[in-house]
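Undergrad: starting from these lines, generate the structure:
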Amino acid sequence: MADRLYIDFESYSACDIKKRGGLAYARHPSTNMLCMGYAFDDEPAELLKGIYALPGRIKDHVGEGKPIYAHNAGFDYRIWNIVCTAQLDWPVLSLNQMVDTAALCLSFQVPPSLADAGAALNISLPKSPDGKRLIKICCTPGKNGEQPMPTGPMSAYFERLFAYCKRDVEAMRQVVKALPREYLIPQEQYLWELTYEMNTLGLPVDHEAIKAIHSHLATYIATETANIPKLCNNFFQTPGQVAKIKEWCGLQGYPMEAMTAEKVGLALEDPKCPDHVRRVLEMRQELGRSSVAKFTKLLDFALKGKDGLHYVHDNMQYHGAGTGRWSGRSFQMHNLPRASVPNPDELIMQFVNGEYVHDPVKTAKALIRPMVRANVNELLVVSDYSSIENRVLHWLAGDFDTLEDFKNGIDQYKTMASARYQVAYDMVTKEQRQMGKVIILGCGYGMGGDTFQETAKVQFGMDVSLVEA
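TA: Residues are numbered from 1 along each chain as shown. You can find the predicted model right below:
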């Protein structure tokens with residue numbers, strides 16, 4: 001009997017997986033399997049199309065709990081267990097049977113995409129470059145919203161898609177064989193499974209508030225954007241036309257070196273900036289905030305659960321950083337604004353009730369974190385390692401005196417701020433401590449000058465002129 005089964009699905013759905021996420025895609029009523037390429041061990045790849053019954057050999061393999069290899073296996077696992085078990089009466093897979101070959105690549109610092117992995121490992125059968133075009137044609141709705149069928153004029157495209165699917169199975173197998181090991185070590189397999197389970201469980205979010213804030217922002221931004229042509233005599237139309245805004249500022253006698261958040265922020269603080277230019281830059285800064293996009297992302301990815309509440313899924317990317325730690329996806333929980341307000345619940349209700357909200361874009365930015373909200377009778381636990389970057393930095397440097405200070409509860413960021421601002425340790429403000437953090441980590445981890453200024457100005461809202469070169 002074979003020890004390994006390699007699989008790869010091609011599927012159709014009216015759901016946009018990039019916009020809605022993998023779980024919404026798999027659960028969408030329009031989603032169905034077009035084909036599954038598969039191969040046992042070193043045998044030639046074969047293809048299962050449409051509603052054909054699952055071969056007994058595959059059923060036996062699944063029933064015996066043997067490993068099943070797939071690239072980005074979370075997707076294939078969902079298609080099998082959500083789509084195929086319901087539509088085709090297939091047996092249920094166990095999560096611990098799955099071997100994610102993309103995760104396996106990452107464990108050896110090989111790029112996770114099949115195409116890049118094949119190039120890095122110089123395999124003889126690289127991923128076909130025609131795949132994206134074929135998926136666009138065969139796996140997404142046609143011009144009138146209909147599902148393309150593998151008949152008539154479309155048959156040639158589908159035959160190429162089927163060949164592409166089989167080729168991917170063979171390419172994946174070659175990638176696995178080119179790696180030093182053909183499986184994840186138990187700890188990493190556990191973490192991969194844990195990541196999948198966390199992504200499927202999702203984060204509970206306040207869907208009503210998200211819709212209200214998103215609607216309010218959309219109306220406000222549309223109204224403000226409509227006023228932009230009046231300010232510049234129709235030189236540009238939207239705050240996103242960066243090159244035109246930069247050109248216009250020069251024509252007004254106030255040239256801008258760049259339109260980055262840092263440069264715009266400095267211009268707004270410049271008393272020489274003309275009032276009409278200042279107003280345009282204010283609108284550029286306000287309407288271009290990424291926090292507005294966060295609410296769109298929340299609305300797109302929020303999925304109603306069986307309990308009637310909404311959850312955002314697929315937030316964690318396994319081995320997203322070179323060190324092996326998670327990184328953020330979807331709602332990007334690892335990259336949320338630091339802004340906060342003392343009365344979030346009150347402000348949220350102003351949005352929900354359609355009341356006037358002062359500076360709605362800035363206020364909404366401070367309400368992104370509160371959109372993640374524990375359900376009734378549940379507790380949301382938020383935790384973090386204390387000054388982990390700084391502790392590791394001094395451990396690597398062999399600075400045992402500072403490590404002893406950590407043991408004694410001394411805050412090194414406050415110590416740095418105390419020396420820099422010449423204030424008593426106990427008198428250091430929250431803002432001064434943040435600058436102490438920027439200085440220590442910026443110096444310790446080799447942050448460049450431009451990055452240092454951007455971090456200080458944008459992330460912490462600090463005046464970089466307070467820090468001596």
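Undergrad: show me where pLDDT drops low in the stretch 201-350 of the chain?
TA: For the stretch 201-350 of the chain, the stretches flagged by pLDDT under 70 are 289-291.
Undergrad: swap the cut-off to 50 and go again
TA: Within the stretch 201-350 of the chain, no range satisfies pLDDT under 50.
Undergrad: quick one, helices of it?
TA: Ranges of helices in the stretch 201-350 of the chain, per DSSP state H, counting those that start in this stretch, are 207-232, 242-251, 261-269, 275-287, 290-301, 344-352.
Undergrad: which other residues reach the second one?
TA: Applying CB atoms under 8 Å, 6 or more residues apart in numbering, the set of residues contacting helix 242-251 from outside is 232, 235-236, 239, 255-256, 258-259, 277, 280-281, 284. To be clear about C-beta, it is placed using only N, CA and C from the backbone, and glycine gets the same treatment.
Undergrad: switch the cut-off to 7 Å
TA: 232, 235-236, 255-256, 259, 277, 280, 284 (CB atoms under 7 Å, 6 or more residues apart in numbering).
Undergrad: again, but for the last one
TA: The set of residues external to helix 344-352 that reach it, using CB under 7 Å, 6+ apart, is 208-209, 212-213, 216, 341, 357, 363, 367, 370.
Undergrad: can you select the buried ones from the residues you listed in ChimeraX?
TA: The buried subset of the contacts of helix 344-352, as determined by 16 or more other CB atoms under 10 Å, is captured in ChimeraX by this line:
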select :209,212,213,216,357,363,367,370
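Undergrad: quick one: which of the helices of the stretch 201-350 of the chain is nearest His61?
TA: Within the helices of the stretch 201-350 of the chain, the stretch nearest His61 is helix 290-301; the backing value is 34.1 Å (CB to CB).
Undergrad: got the CA coordinates for that closest one in CSV?
TA: Extracted as CSV, the C-alpha positions of helix 290-301 are listed here (Å, rounded to 0.1, in the frame of the first residue of the first chain):
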residue,chain,number,x,y,z
SER,A,290,-5.3,53.0,6.3
SER,A,291,-7.6,52.7,9.3
VAL,A,292,-10.6,53.4,6.9
ALA,A,293,-9.6,50.3,4.9
LYS,A,294,-9.5,48.3,8.1
PHE,A,295,-13.3,48.7,8.5
THR,A,296,-13.8,47.6,4.9
LYS,A,297,-11.6,44.5,5.6
LEU,A,298,-13.6,43.8,8.7
LEU,A,299,-16.9,44.0,6.9
ASP,A,300,-15.6,41.8,4.0
PHE,A,301,-14.2,39.1,6.2
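Undergrad: hang on, the earlier thing: any of the contacts of helix 242-251 buried? List them.
TA: 232, 235-236, 256, 259, 277, 280, 284.
Undergrad: any chance of those in JSON lines, with distance to Asp42 too?
TA: Formatted as JSON lines, the buried ones among the contacts of helix 242-251 follow (distance: CB to CB, whole Å):
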{"residue": "Cys232", "distance to Asp42": "66"}
{"residue": "Phe235", "distance to Asp42": "65"}
{"residue": "Phe236", "distance to Asp42": "60"}
{"residue": "Met256", "distance to Asp42": "61"}
{"residue": "Met259", "distance to Asp42": "56"}
{"residue": "Val277", "distance to Asp42": "68"}
{"residue": "Val280", "distance to Asp42": "65"}
{"residue": "Arg284", "distance to Asp42": "59"}
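Undergrad: out of these, who's nearest Ser113?
TA: Met259 (31.9 Å).
Undergrad: how about the closest one, nearest residue that isn't a chain neighbour?
TA: Take Met259 and drop its neighbours on the chain: the residue closest to it by CB to CB, 6 or more residues apart in numbering is Val242, 4.7 Å away.
Undergrad: gap between the one you found and Val280?
TA: 12 Å (CB to CB, to the nearest Å).
Undergrad: Leu114 now?
TA: Distance from Leu114 to Val280, by CB to CB: 46 Å.
Undergrad: could you do Val392 as well?
TA: As judged by CB to CB, Val392 and Val280 stand 44 Å apart.
Undergrad: then Tyr6 would be within a strand, right?
TA: Yes. Counting by DSSP: H, G, I helix; E, B strand; the rest coil, Tyr6 is found in a strand.
Undergrad: pull the number of nearby residues for it.
TA: 25 (other CB atoms under 10 Å).
Undergrad: likewise the one 10 residues further on?
TA: Number of residues near Asp16 (other CB under 10 Å) recorded here: 14.
Undergrad: just to revisit the earlier point, distance to Lys66 added to the helices of the stretch 201-350 of the chain, as TSV?
TA: Formatted as TSV, the helices of the stretch 201-350 of the chain follow (distance: least, CB to CB, whole Å):
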stretch	distance to Lys66
helix 207-232	41
helix 242-251	54
helix 261-269	53
helix 275-287	55
helix 290-301	34
helix 344-352	50
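Undergrad: out of those, the one nearest Pro141 is which?
TA: Closest among those, using CB to CB: helix 290-301, at 17.6 Å.
Undergrad: which other helices and strands does that closest one contact?
TA: Counting contacts by 3 or more CB pairs under 7 Å, 6 or more residues apart in numbering; DSSP states H and E, helix 290-301 is packed against helix 17-20, helix 207-232, helix 360-365.
Undergrad: same list, those helices, but as JSON lines with distance to Cys35 please.
TA: Shown next, in JSON lines, are those (distance: least, CB to CB, whole Å):
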{"stretch": "helix 17-20", "distance to Cys35": "17"}
{"stretch": "helix 207-232", "distance to Cys35": "36"}
{"stretch": "helix 360-365", "distance to Cys35": "44"}
